[in-house]
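1. need coordinates for the below:
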Amino acid sequence: MEHLCSGRPADGEHPGADRLCSGRPADGEHPGSGRPAGLGVRLALARSSRVPGPDTSAGTRVPVRPGPSRPIPRPGPAELDLGALLRLSLAASDASGRLRPTPSAGALHPVDAVLVVGAGCSLPPGRYGYDPLRHRVHRLGRQPDGTPPGVVVELSVTARRTVSHYGHRALPLLLLDTGHAAGALFLAAGASGAGEAEPVLDGASEHPLAAVRVAPPGPGRASPSRSPVPEELLARRSAPSPTGSPPPDALRAVLATATASGGGDLRWCAAVGPPGPGLVEPAPDGGAPRRCAAGDARPTLAAWAAGQAWIADAGAVLLAHGCPEDADAQHIRRTHLRAGFAVHLAHLTARRHGLAARPVGSWQRADLGAALGAAPGRDWIVHALALGTRHADEEKTP
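-> Down below sits the predicted model:
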């Protein structure tokens with residue numbers, strides 16, 4: 001715990017990072033091979049201390065789809081309201097396309113959605129590309145045989161948008177953004193009165209990376225009492241720099257949400273500040289979070305998170321960790337997708353407890369396990385959510 005909580009980053013970096021980066025390979029290429037790198041190599045590079053180069057063009061903000069676009073009709077009786085589902089999850093609400101119900105690293109929004117529509121929806125059955133800037137769709141063709149009622153929203157990425165700013169650090173951010181988009185769709189299904197929503201985040205596929213299946217509303221189906229309302233989802237914003245220690249009950253609720261929705265590959269803890277600085281983790285009995293390490297980790301987390309100094313003053317930092325350095329491609333995809341999904345749901349829980357929150361996705365040299373004295377390379381920070389009772393700029397208001 002000495003390195004993690006001493007106020008400075010741990011010495012050294014990812015094992016083998018110097019060897020990996022010494023040749024300054026082009027982004028996305030395996031050093032010396034001239035071929036695209038595997039996910040493990042790309043993730044190691046993203047976790048290293050190498051600094052991205054100058055920004056490049058992000059290209060188009062949405063894919064160029066064939067044919068004319070069409071509006072999403074209003075639903076008929078007992079039909080799934082696709083317009084509401086997408087407006088509450090993926091649609092842009094400003095002309096720039098940056099402001100949306102789901103967060104994205106750098107507000108670059110690389111996630112693209114294709115709708116596989118079955119019976120019982122406000123669009124006729126078929127495949128449609130969604131345009132989040134105009135909230136319209138392009139018909140791409142017929143639906144596959146055997147498509148069930150409802151919709152499957154397939155999520156893929158245009159990597160260029162994120163690579164344009166983050167360079168070699170883009171890989172985890174692309175996966176986390178996709179997980180957040182799945183979380184936004186999952187919550188929007190509840191808020192729009194749709195039927196059961198099922199995220200598919202197993203990491204088995206690259207195209208699409210993830211999907212969310214949403215059933216039509218059933219006869220007499222009542223929304224669960226804790227389903228979000230549309231205003232909650234549309235009001236979601238990332239706080240610039242949240243400060244102020246969260247109350248214990250609020251922190252417990254955020255940890256519980258993340259743990260319940262993050263899948264079995266991830267572990268969760270939170271770094272808290274004075275008066276009792278340290279790391280806390282969920283208690284097995286659901287009680288108050290229990291301390292698992294002492295000392296203030298926030299300055300080191302600030303250094304690990306691309307040098308974002310404000311994190312050192314955050315009220316608390318929820319941490320998803322796991323994904324060892326020898327993880328295979330499916331494991332890498334799955335853990336990052338689940339982390340983004342869980343942090344998205346935890347963000348809503350934080351807001352319901354009156355907290356300000358901001359996702360933090362870029363982590364370098366963040367080997368949490370090694371910093372706590374365990375074997376290196378086994379337990380890396382994957383994602384985080386900074387928490388506080390107020391924004392830092394509120395402290396300056398008389």
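2. at the geometric centre of this protein, which residue sits there?
-> G340 (2.6 Å; CA atoms, centre = their mean).
3. quick check: which element contains it?
-> helix 329-352 (DSSP states H and E).
4. contacts made by the helix or strand that that helix is followed by with the rest, please.
-> Sequence-wise, the next helix or strand downstream of helix 329-352 (DSSP H and E) is strand 356-360. For strand 356-360, contacts defined as CB atoms under 8 Å, 6 or more residues apart in numbering pick out 103, 176, 180, 238-242, 305, 308, 311, 317, 343-344, 346-347, 350-351, 383-391. Any C-beta I mention is one placed from the backbone N, CA and C, and that applies to glycine too.
5. for ChimeraX, write a command that selects the buried ones of these.
-> Remark: buried members of the contacts of strand 356-360, expressed as a ChimeraX selection using 16 or more other CB atoms under 10 Å:
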select :103,176,180,238,239,241,242,305,308,311,317,343,344,346,347,350,351,383,384,385,386,387,388,389,390,391
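6. among the contacts of strand 356-360, which are located in helices?
-> 176, 180, 343-344, 346-347, 350-351 (DSSP state H).
7. what is the nearest of the residues you listed to L88?
-> The nearest member of the ones in helices among the contacts of strand 356-360 to L88, counting by CB to CB, is H344 at 12.8 Å.
8. related to what we said a few turns ago, closest one of the ones in helices among the contacts of strand 356-360 to R290?
-> Using CB to CB, A346 is the member of these that lies nearest R290, at 18.5 Å.
9. I'd like the ones in helices among the contacts of strand 356-360 written out as TSV, with distance to P216 and pLDDT added.
-> Below are those laid out as TSV (distance: CB to CB, whole Å; pLDDT from 0 to 100):
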residue	distance to P216	pLDDT
L176	30	98
H180	25	98
V343	29	98
H344	24	98
A346	28	98
H347	28	97
A350	31	97
R351	29	95
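10. ranges for the helices of the stretch 1-150 of the chain?
-> Ranges of helices in the stretch 1-150 of the chain, per DSSP state H, counting those that start in this stretch, are 2-5, 17-21, 39-47, 82-87.
11. the longest one packs against which elements?
-> This points to helix 39-47. helix 17-21, helix 170-191, helix 329-352 (3 or more CB pairs under 8 Å, 6 or more residues apart in numbering; DSSP states H and E).
12. count of neighbours near P75?
-> If you count neighbours by other CB atoms under 10 Å, P75 ends up with 22.
13. er, T158 actually
-> Residues near T158, counting by other CB under 10 Å, number 19.
14. grab the nearest non-local neighbour of it.
-> In space, not counting the residues next to it along the chain, T158 is nearest to P110; the distance is 5.2 Å by CB to CB, 6 or more residues apart in numbering.
15. isn't the one you found right up against S164?
-> No: judged on CB atoms under 8 Å, P110 makes no contact with S164 at a distance of 9.5 Å.
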